[in-house]
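Colleague: Fold the stuff below for me.
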Amino acid sequence: MALLRSHIPPDLVVFDVDGTLHDTFRWWSPVIRAGLQRFCAQNGIAAPMPSDAEAEAVVGMKDAGVWAPFLPEPHKHRWQDLRAVVLPMEVEEVSRGVDYLFAGVRPMLTHLRALGVKVALASNCRRVYMGAMQHGQGLAALTDWQFCLDSPGVQTKTDMLRLAQEAAGARKVVMVGDREPDHEAARALGWPFVWRHNARCAIADSEFVWNGDPDHLLTGLGLRPLGRLSRADGE
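Modeller: Okay, here's the model as predicted:
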């Protein structure tokens, strides 16, 4: 815990998006099944439909790690074709006016910035999907910087974190995420890592395990919590 304490309170918090701020699991499973069915029908191939658990297992992964698991072995190399079919369906879903951010995320992000803490996003998605997060879910207005795999100078999530720190001019930085790539990126830069607890992985050496409640995270970062009334007003 010493590493986290040395970064409290932080100058910059970098958040992963899917599974951390955005409740992808409310819509992803039916969308990937519908998209996979469409892809298979268009190409005359057969593929088993993933269960919810199988669909959710890829959330937070990168490129082929997201799409190839759904394709049968002879067709796994066609993951970009599958993505091209499903991506417009994803964008439509998150842009249709439904708030898919986890409860309390919007007031929490506003609160962080009001306290003078800079906030950045780092997601293993591509430009079009990030645009849907920025505008369809309103994350552009709630954060200072948003980085994805198509951002200039980015090849990995570690690059995103490095660029966020440079943009903020921050010395005390914390990464908050839910999956292994988030943890690996933070460790590559020697950053403390806050793990949003979930059933899809287990990250034993995170400095802090966040239970999803905004005040739990804020208190863990040495910051003033929202409080019950403030949270209710902001949601």
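Colleague: how does the protein divide into domains?
Modeller: Structural domains assigned to the chain are 2-23+101-234, 25-94, following automatic domain parsing.
Colleague: can you list the ones you listed in CSV and add mean neighbour count and mean pLDDT?
Modeller: From N, CA and C alone the C-beta is placed, and that goes for glycine too. Formatted as CSV, the domains of the chain follow (neighbours: other CB atoms under 10 Å; pLDDT from 0 to 100):
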stretch, mean neighbour count, mean pLDDT
domain 2-23+101-234, 19, 95
domain 25-94, 16, 97
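Colleague: separation between L82 and H111?
Modeller: Distance of L82 to H111, computed by CB to CB, to the nearest Å: 39 Å.
Colleague: any chance you could map the helices in the protein?
Modeller: 2-5, 28-43, 52-56, 64-67, 79-94, 105-114, 127-131, 139-142, 157-168, 180-188, 214-220, 228-234 (DSSP state H).
Colleague: Just put those helices in CSV and tack on distance to R196.
Modeller: Formatted as CSV, the helices of the chain follow (distance: least, CB to CB, whole Å):
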stretch, distance to R196
helix 2-5, 15
helix 28-43, 16
helix 52-56, 14
helix 64-67, 19
helix 79-94, 19
helix 105-114, 11
helix 127-131, 19
helix 139-142, 16
helix 157-168, 15
helix 180-188, 9
helix 214-220, 8
helix 228-234, 17
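Colleague: Relative to R200, tell me which of the ones you listed wins on proximity.
Modeller: helix 52-56 (6.4 Å; CB to CB).
Colleague: The closest one: how far from the chain's middle?
Modeller: Between the centre of helix 52-56 and the centre of its host chain there is 16 Å, according to CA atoms, centre = their mean, to the nearest Å.
Colleague: How about residues contacting it?
Modeller: T24, F25, W28, S29, I32, R33, P69, R200 (CB atoms under 8 Å, 6 or more residues apart in numbering).
Colleague: In a markdown table, list those residues along with distance to S151.
Modeller: A markdown table is the format used below for the contacts of helix 52-56 (distance: CB to CB, whole Å):
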| residue | distance to S151 |
| --- | --- |
| T24 | 20 |
| F25 | 25 |
| W28 | 23 |
| S29 | 28 |
| I32 | 25 |
| R33 | 30 |
| P69 | 25 |
| R200 | 25 |
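Colleague: Tell me the one of those residues nearest E93?
Modeller: Taking those together and measuring to E93 by CB to CB, the closest member is W28, at 8.7 Å.
Colleague: residue contacts, the closest one?
Modeller: Here W28 is in contact with A55, E56, V59, E90 (CB under 8 Å, 6+ apart).
Colleague: ditto for S6
Modeller: K172, P192.
Colleague: Can you pull the phi/psi pair for it?
Modeller: The phi/psi pair for S6 (degrees, to the nearest 10) reads phi -70, psi -10.
Colleague: how far away is it from P107?
Modeller: Distance from S6 to P107, by CB to CB: 28 Å.
Colleague: what does A34 give?
Modeller: Taking CB to CB, one finds A34 at 33 Å from P107.
Colleague: measure the residue lying closest to R83 once chain neighbours are set aside to T110 for me?
Modeller: The shortest distance from R83 to any non-neighbouring residue, by CB to CB, 6 or more residues apart in numbering, is to W67 (5.0 Å). According to CB to CB, W67 and T110 sit 34 Å apart.
Colleague: Could you check how far the residue nearest to V66 when sequence neighbours are not counted is from A120?
Modeller: Of all residues not flanking V66 in the chain, V58 sits nearest, at 4.7 Å (CB to CB, 6+ apart). With the distance defined as CB to CB, V58 ends up 24 Å from A120.
Colleague: quick one on the thing from earlier: most widely separated two among the contacts of helix 52-56?
Modeller: R33 and R200 (18.1 Å).
Colleague: With that, I have no additional questions.
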